[in-house]
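**Q** Here is my input; please provide its structure:
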Amino acid sequence: MTNPISRNVTRALAVFDVPGAAVAVVKDDALVFAAGFGTKDLGRSAQVDEHSLFAAGSISKSITATCLAILVGEGKLGWDDRVTDYLPGFQLSDPIATRLLTVRDLLAHRSGLRDVSGGTIWYGAHYDRAEVIRRLRFLRPVAGFRERYAYQNVMYLVAGELIPALTGKTWDAFARDRLFDPLGMPDSNTSMPELRANVNVAMPHARIDDVPRPVPYRDHDNVGPAASLNTSAVDLAQYLRLYLGGGTYAGQTLVAPAPFAELIRAQTVVPIDPYPDELSALTPNFQAYALGWSLRDYRGRRVVVHTGGVDGMRAIAAMVPDERLGVVVLANQEEPLPTAICYGILDDYLGGPRVDWIGAFQARRATLRAQQRAARDTVVAARVRGTAPALPLEGYAGRYRDAAAGDAHVALEEGRLVLRFDHASCFSAELEHWHFDTFRANWRDPYVPPGLVTFPLSSKAVVTEMRFDQPNLLDVDFGELDYKRAAAA
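**A** Alright, predicted model coming up:
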């Protein structure tokens with residue numbers, strides 16, 4: 001008889017148009033299920049197995065927190081040590097935050113910056129880790145230091161860079177030596193060169209123009225401690241065994257008890273927003289962020305969980321410590337399959353009324369797509385036809401500067417305007433006149449959706465800045481950009 005997990009995953013692949021997925025379940029310190037489903041690449045026959053590599057995205061954050069916990073256990077670091085004690089050049093725009101920010105603050109998402117702030121610096125960029133961190137001083141906070149939760153990638157990059165400051169090893173090498181090797185995670189790595197050297201790799205896919213298509217792997221090494229883990233279902237299951245064992249794996253203590261307990265203790269309250277009707281059964285009674293993990297309740301049990309997402313990939317790792325239960329689901333398409341499968345497995349073990357999570361997330365997906373179509377229609381309906389730019393096209397050409405992200409150039413090429421961000425080739429677009437002094441940005445990277453760019457004029461009919469009305473990417477908020485026209489060189 002077919003395993004119910006296998007039946008559900010097979011169904012979910014078809015419902016969500018996902019080429020492939022891998023699932024692993026840990027119970028009572030044993031790997032009780034591990035399998036791959038579907039294909040590694042759309043339209044090709046190579047099958048996913050339990051050792052196939054997937055990008056795990058933000059599950060990387062718990063790797064970083066765990067590495068720091070090892071150092072705390074060795075007395076080399078304290079959770080409440082100030083970041084500038086180890087990285088003296090570190091600076092934020094808020095001098096109070098710069099002076100007082102601690103290791104705990106980095107990991108608990110309470111720096112005062114906006115959600116995913118800094119994505120415009122690192123995403124698709126040629127800046128290395130040091131340069132990304134240097135540019136954080138130009139980001140503007142949107143809340144007081146330690147005032148509220150706001151999810152970050154760049155703070156985890158800073159946290160990861162504490163490791164070479166303390167040990168002389170890169171974050172990548174330390175994770176391999178102190179976690180991957182002792183846990184028996186041979187498939188796992190943290191860099192694009194290592195990923196490319198592996199032949200058993202699931203390729204990413206995304207919906208572009210409402211059609212599932214393969215997309216290239218995006219190199220996130222410059223924010224690696226937040227997002228660059230590549231792993232398999234079997235490997236990630238071993239990592240969950242470490243957590244379900246309280247920091248001990250196969251009789252060996254890798255993380256001392258006191259710092260381990262802090263990893264899964266609530267640090268920052270996460271507000272509970274209303275859940276949509278389709279997913280109301282997921283509404284928690286409490287929600288918090290620990291150190292590299294989210295905390296919530298489900299069916300009366302505490303759940304330690306983190307999702308992960310990068311271009312074309314989605315993942316989830318979840319644990320119910322009181323049940324000694326862990327679930328891993330990896331998928332190579334930007335769809336809710338991992339979460340739907342994960343909660344179905346939790347239902348199987350925790351009991352109670354069953355929920356058709358595949359159907360629930362399918363309904364939610366339909367709602368979201370309808371909303372997206374309506375939003376696009378609203379933008380089109382608001383377009384004022386029959387207008388012309390106030391200036392000749394060359395009047396919009398020139399250099400624009402954002403202190404954090406760097407320079408962008410608008411050039412007149414063969415009778416049309418072309419926008420290029422100097423630091424990130426993925427942000428290059430042909431500008432098509434929309435109305436008045438607003439242009440539609442048709443990005444040359446098909447993964448980036450079209451947006452609008454407006455060029456306000458001064459009283460002297462000179463362009464002063466460049467403003468974006470651009471749909472955000474998963475980790476990029478264009479609202480933080482402040483591009484001003486720069487003087488000609």
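**Q** Give me the contact list for the worst-scoring helix or strand of the chain on mean pLDDT.
**A** Least confident helix or strand of the chain, by mean pLDDT, DSSP states H and E, is strand 211-214 with a mean of 92. The contact list for strand 211-214, computed with Cβ atoms under 8 Å, 6 or more residues apart in numbering, reads 17-19, 41-42, 203-207, 312, 333, 446. For glycine as for every other residue, the C-beta is placed from the backbone atoms N, C-alpha and C.
**Q** Now do the buried residues in that strand.
**A** Burial within strand 211-214, assessed by neighbour count using 16 or more other Cβ atoms under 10 Å, is assigned to 212, 214.
**Q** Report the next helix or strand after that strand in sequence order.
**A** helix 224-227 (DSSP states H and E).
**Q** Can you spell out which helices and strands pack onto the host helix or strand of residue 399?
**A** For residue 399, the host element (DSSP H and E) is strand 398-402. Contact here means 3 or more Cβ pairs under 8 Å, 6 or more residues apart in numbering; DSSP states H and E; on that basis strand 398-402 packs against strand 406-413, strand 483-485.
**Q** In CSV: the ones you listed, plus mean neighbour count.
**A** Listed next are the helices and strands packed on strand 398-402 as CSV, based on neighbours: other Cβ atoms under 10 Å:
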stretch, mean neighbour count
strand 406-413, 17
strand 483-485, 18
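**Q** Could you export the ones you listed as a markdown table, including mean pLDDT and distance to residue 287?
**A** A markdown table is the format used below for these (pLDDT from 0 to 100; distance: least, Cβ to Cβ, whole Å):
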| stretch | mean pLDDT | distance to residue 287 |
| --- | --- | --- |
| strand 406-413 | 98 | 36 |
| strand 483-485 | 98 | 36 |
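**Q** would JSON lines of the ones you listed with distance to residue 177 be doable?
**A** Shown next, in JSON lines, are the helices and strands packed on strand 398-402 (distance: least, Cβ to Cβ, whole Å):
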{"stretch": "strand 406-413", "distance to residue 177": "35"}
{"stretch": "strand 483-485", "distance to residue 177": "42"}
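**Q** Out of those strands, the one nearest residue 371 is which?
**A** strand 483-485 (28.7 Å; Cβ to Cβ).
**Q** quick one: contacts of that closest one?
**A** Identification of contacts with strand 483-485 by Cβ under 8 Å, 6+ apart yields 398-402, 408, 462-468.
**Q** closest to residue 104 among those residues?
**A** residue 402 (30.3 Å).
**Q** Enumerate the beta-bridge partners assigned to that closest one.
**A** Assessed by DSSP bridges, residue 402 has beta-bridge partners residue 406.
**Q** The protein: helices as residue ranges?
**A** 4-16, 60-73, 95-100, 103-108, 119-122, 129-135, 154-167, 171-175, 192-196, 224-227, 233-244, 257-263, 337-350, 357-381 (DSSP state H).
**Q** Among these, which comes closest to residue 296?
**A** Across the helices of the chain, closest to residue 296 is helix 337-350 (Cβ to Cβ), at 11.5 Å.
**Q** That closest one - contacts with which helices or strands?
**A** Right, helix 337-350 is packed against helix 4-16, strand 20-27, strand 294-298, strand 301-310, strand 313-320, strand 325-331, helix 357-381 by 3+ Cβ pairs under 8 Å, 6+ apart.
**Q** which one of these has the most crowded surroundings?
**A** Comparing the helices and strands packed on helix 337-350 by mean neighbour count (mean count of other Cβ atoms under 10 Å), strand 325-331 ranks first with a mean of 30.
**Q** contacting residues around it?
**A** 18, 20-27, 54, 56, 202, 231-233, 236-237, 240-241, 243-244, 313-320, 337-339, 341-342, 345-346, 349.
**Q** before we move on, back to that, for residue 147, which of the helices and strands packed on helix 337-350 is the nearest?
**A** strand 294-298 (19.5 Å).
**Q** quick one: that closest one to helix 337-350, angle?
**A** 50 degrees (axes from the mean of the first three to the mean of the last three Cα atoms, to 10 degrees).
**Q** Run me through the strand neighbours of strand 294-298, direction for each.
**A** Using DSSP bridges, strand 294-298 pairs in its sheet with strand 287-289 (antiparallel), strand 301-310 (antiparallel).
**Q** ok now that strand, how far from the chain's centre?
**A** 19 Å (Cα atoms, centre = their mean, to the nearest Å).
**Q** Likewise for stretch 361-376?
**A** 21 Å.
**Q** Stretch 139-147 now?
**A** So, by Cα atoms, centre = their mean, the centroid of stretch 139-147 is 20 Å from its chain's centroid.
**Q** From start to finish, how long is that stretch in a straight line?
**A** Distance across stretch 139-147, first residue to last, is 17 Å (Cα to Cα, to the nearest Å).
**Q** Can you tell me what sits against it?
**A** Contacts for stretch 139-147 (Cβ under 8 Å, 6+ apart): 92-94, 96-97, 100-101, 105, 110-114, 117-118, 150, 154, 404, 480, 482.
**Q** ChimeraX command for the buried members of those residues?
**A** Here is the ChimeraX command that selects the buried residues among the contacts of stretch 139-147 (16+ other Cβ under 10 Å):
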select :92,93,94,97,101,105,110,111,112,113,114,117,118,150,154,404,480,482
